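Undergrad: Predicted structure and sequence below. I'll ask about it afterward.
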Amino acid sequence: MVTDAGMLALSAAITMAGAAFATAWAEKVVGAAAVGAMAENEALFGKGIVFMVLPETIVLFGFVIAFLLLGKIT
């Protein structure tokens, strides 16, 4: 029998997995574009690094949501 605590834990795990998958996909796309832009103009290195860091917020938001879900387990 599935309990409420089990469903919350499963929801937290799915949230983290989804956030990690989305971050990996975004890093792949942004990284390829940043490397291509830097190959043509080396002055774009700083902007490329900034854009590489932005997708990391996806996983941070996923962690916060998972933490809030786990906090509801009594």
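TA: Cool, the structure landed. Numbers count the residues shown, from 1 in each chain.
Undergrad: okay, stretch 33-51 in CSV with CA atoms only?
TA: C-alpha atoms of stretch 33-51 as CSV (Å, rounded to 0.1, in the frame of the first residue of the first chain):
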residue,chain,number,x,y,z
ALA,A,33,26.3,27.9,-28.9
ALA,A,34,28.9,29.5,-26.6
VAL,A,35,31.8,27.5,-28.0
GLY,A,36,30.7,28.3,-31.5
ALA,A,37,30.5,32.0,-30.7
MET,A,38,33.9,32.0,-29.0
ALA,A,39,35.4,30.2,-32.0
GLU,A,40,34.5,33.3,-34.1
ASN,A,41,35.1,36.0,-31.5
GLU,A,42,37.3,35.4,-28.4
ALA,A,43,35.9,38.5,-26.8
LEU,A,44,32.6,36.6,-26.1
PHE,A,45,34.2,34.3,-23.5
GLY,A,46,32.8,36.2,-20.6
LYS,A,47,29.3,36.2,-22.0
GLY,A,48,29.6,32.5,-22.8
ILE,A,49,30.5,31.7,-19.2
VAL,A,50,27.6,33.8,-17.9
PHE,A,51,25.2,32.0,-20.2
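Undergrad: can you list contacts of that stretch?
TA: 30, 52 (CB atoms under 8 Å, 6 or more residues apart in numbering). Any C-beta I mention is one placed from the backbone N, CA and C, and that applies to glycine too.
Undergrad: Tell me the buried residues in it?
TA: Of all the residues in stretch 33-51, those buried under the rule 16 or more other CB atoms under 10 Å are 34, 37, 38, 48, 51.
Undergrad: of all these, which two lie farthest apart?
TA: Largest separation among the buried residues of stretch 33-51 by CB to CB: 38 and 51, giving 11.0 Å.
Undergrad: what is the mean pLDDT for the helix ranked longest in the chain?
TA: The longest helix of the chain (DSSP state H) is helix 4-40. Here helix 4-40 scores 93 as its mean pLDDT.
Undergrad: after it, next one along is what?
TA: Next in sequence after helix 4-40, counting helices and strands by DSSP states H and E, comes helix 45-53.
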